[in-house]
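Q: got a sequence here, can you build the structure:
(3 chains)
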Amino acid sequence: MNEVKFNTVKDFELAHIFECGQCFRWKKEIDGSYTGVIKQGVLNVKKENDILVVKGVVDGDLRNICEKYFDLMTDYGEIKRVLCEKDEHMKRASEYGYGIRILNQDSWEMLISFIISAANNIPRISKTIENISKAYGKKVTYEDTTYYLFPTPEELSVATVEDLRTLNLGFRDKYIKEATRMVVDKEVDLETISQMSTKDARKELMKIPGVGGKVADCILLFSMQKMDSFPVDTWIKKVMSELYVDSTNITKIGEYAYAKFGIYAGIAQQYLFYYKRSEGKNTEK
DNA sequence: CTGCAGGCCGGCG
DNA sequence: CGCCGGCCTGCA
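A: Numbers count the residues shown, from 1 in each chain, chains lettered A, B, ... in the order given. The predicted structure follows:
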């Protein structure tokens, strides 16, 4: 086990980072810290004032892994300033979701996770990702608890469509199977795609079954550092048609967002998503 | 018991 | 092309 500290970490709020919809494998502990499984292992993070404390078992250098994963080298204060100047809505949303950061997650895991997200709900998405990891991923022990890494493409490729169906993937099983095959057979190379322009990368990703515009945008934003991609899901559709565009056409909304928020459209999306979702949670209960 | 959840796909007009 | 029903499954 390892531990590292990052001093004077600004614009970093655990709850907002893990609950703004970008990740599925982080859980809050009773002491207020969060534990999650990432590509290289298991992490536990907590904030003590402005010090970020990370413990974990990982394959690689913990400090380097954290810097990249939590996007610690990016100045979110500056991004927020730019977005705040756009208008009052963005000002409010970014103040509400202060401390949100876009995690640099693994593109393969994001591909499968967001294929699963289609017409699904968050508890079930998390559960099926957990099922897949348990069935095909490597075991990691941290603090006497067993965790399972998300399987590699090769590890997952041994699963048949029938196997996948038993993991509660529903109709998405065949998409997962084919997507996995394409990656293993190198018909798609996620690393190469990540080097392309946002537009070209999006087009390439959409060649994978189960990947439409929204899923592609999530992969681009959450694992390929394409901060200008703007995933339009049902929540964003609601906010955008309420606040900005007189249309529910997904393509139009996306185009409008990029025109308005530019290279940080993706961050704007996270603020709006988190803002709108919490509003829903407050009024429903 | 319908309806629907962080969409995508395929068929039809 | 744009539109719309169907799709696994579980929960309100």
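
Q: interface residues of chain A facing DNA strand C?
A: Residues of chain A lying close to DNA strand C by Cβ under 7 Å from any atom of the strand are A:119-121, A:123-124, A:165, A:168, A:170-172, A:249. In short, each C-beta sits where N, CA and C put it, glycine included.

Q: need the pLDDT of the residue nearest to A:A159 when sequence neighbours are not counted.
A: With Cβ to Cβ, 6 or more residues apart in numbering as the criterion, A:A159 has its nearest non-adjacent residue at 6.3 Å, and that residue is A:Y136. Looking at A:Y136, its pLDDT is 98.

Q: against A:V158, how distant is A:Y136?
A: Distance of A:Y136 to A:V158, given as Cβ to Cβ, to the nearest Å: 7 Å.

Q: over to A:L220?
A: 28 Å.

Q: so between these two, which is more surrounded?
A: A:L220 (27 against 11; other Cβ atoms under 10 Å).

Q: tell me the helix or strand right after whatever helix or strand the more buried one lives in.
A: Using DSSP states H and E, the element containing A:L220 is helix A:213-223. Under the assignment DSSP H and E, the closest C-terminal helix or strand after helix A:213-223 is helix A:234-243.

Q: what's that following helix packed up against?
A: helix A:250-261, helix A:265-284 (3 or more Cβ pairs under 8 Å, 6 or more residues apart in numbering; DSSP states H and E).

Q: can you tell me if it touches DNA strand B.
A: Yes: residues of helix A:234-243 contacting DNA strand B under Cβ under 7 Å from any atom of the strand: A:234-235.

Q: for the closest residue to DNA strand C within chain A, give me the pLDDT.
A: Nearest to DNA strand C, among the residues of chain A, is A:G170, at 2.0 Å (Cβ to the nearest atom of the strand). As predicted, A:G170 sits at a pLDDT of 96.

Q: if we can go back for a sec, most tightly packed of the helices and strands packed on helix A:234-243?
A: helix A:265-284 (a mean of 19; mean count of other Cβ atoms under 10 Å).

Q: output that helix as PDB - backbone C-alpha positions only.
A: Presented in PDB, the C-alpha positions along helix A:265-284 are these (Å, rounded to 0.1, in the frame of the first residue of the first chain):
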ATOM      1  CA  ALA A 265     -18.100  22.800 -23.900                       C
ATOM      2  CA  GLY A 266     -17.500  19.500 -22.100                       C
ATOM      3  CA  ILE A 267     -16.900  21.200 -18.800                       C
ATOM      4  CA  ALA A 268     -20.000  23.300 -19.300                       C
ATOM      5  CA  GLN A 269     -21.900  20.100 -19.900                       C
ATOM      6  CA  GLN A 270     -20.700  18.700 -16.600                       C
ATOM      7  CA  TYR A 271     -21.800  21.800 -14.700                       C
ATOM      8  CA  LEU A 272     -25.200  21.900 -16.400                       C
ATOM      9  CA  PHE A 273     -25.700  18.100 -15.900                       C
ATOM     10  CA  TYR A 274     -24.900  18.200 -12.200                       C
ATOM     11  CA  TYR A 275     -26.900  21.400 -11.700                       C
ATOM     12  CA  LYS A 276     -30.000  19.900 -13.400                       C
ATOM     13  CA  ARG A 277     -29.800  16.500 -11.800                       C
ATOM     14  CA  SER A 278     -29.500  17.800  -8.200                       C
ATOM     15  CA  GLU A 279     -32.400  20.100  -8.900                       C
ATOM     16  CA  GLY A 280     -34.400  17.000  -9.800                       C
ATOM     17  CA  LYS A 281     -33.300  15.200  -6.700                       C
ATOM     18  CA  ASN A 282     -34.400  18.000  -4.500                       C
ATOM     19  CA  THR A 283     -37.800  18.400  -5.900                       C
ATOM     20  CA  GLU A 284     -38.600  14.700  -6.200                       C
END
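
Q: show me what from the stretch 51-200 of chain A comes close to DNA strand B.
A: A:114, A:117-122, A:125, A:171, A:175.

Q: now, which of those sits nearest A:G32?
A: Of all those, A:G32 sits closest to A:I122, with 21.1 Å by Cβ to Cβ.

Q: follow-up on the earlier one: and the residues of the stretch 51-200 of chain A next to DNA strand B, which of them are buried?
A: A:114, A:117-118, A:125, A:175 (16 or more other Cβ atoms under 10 Å).
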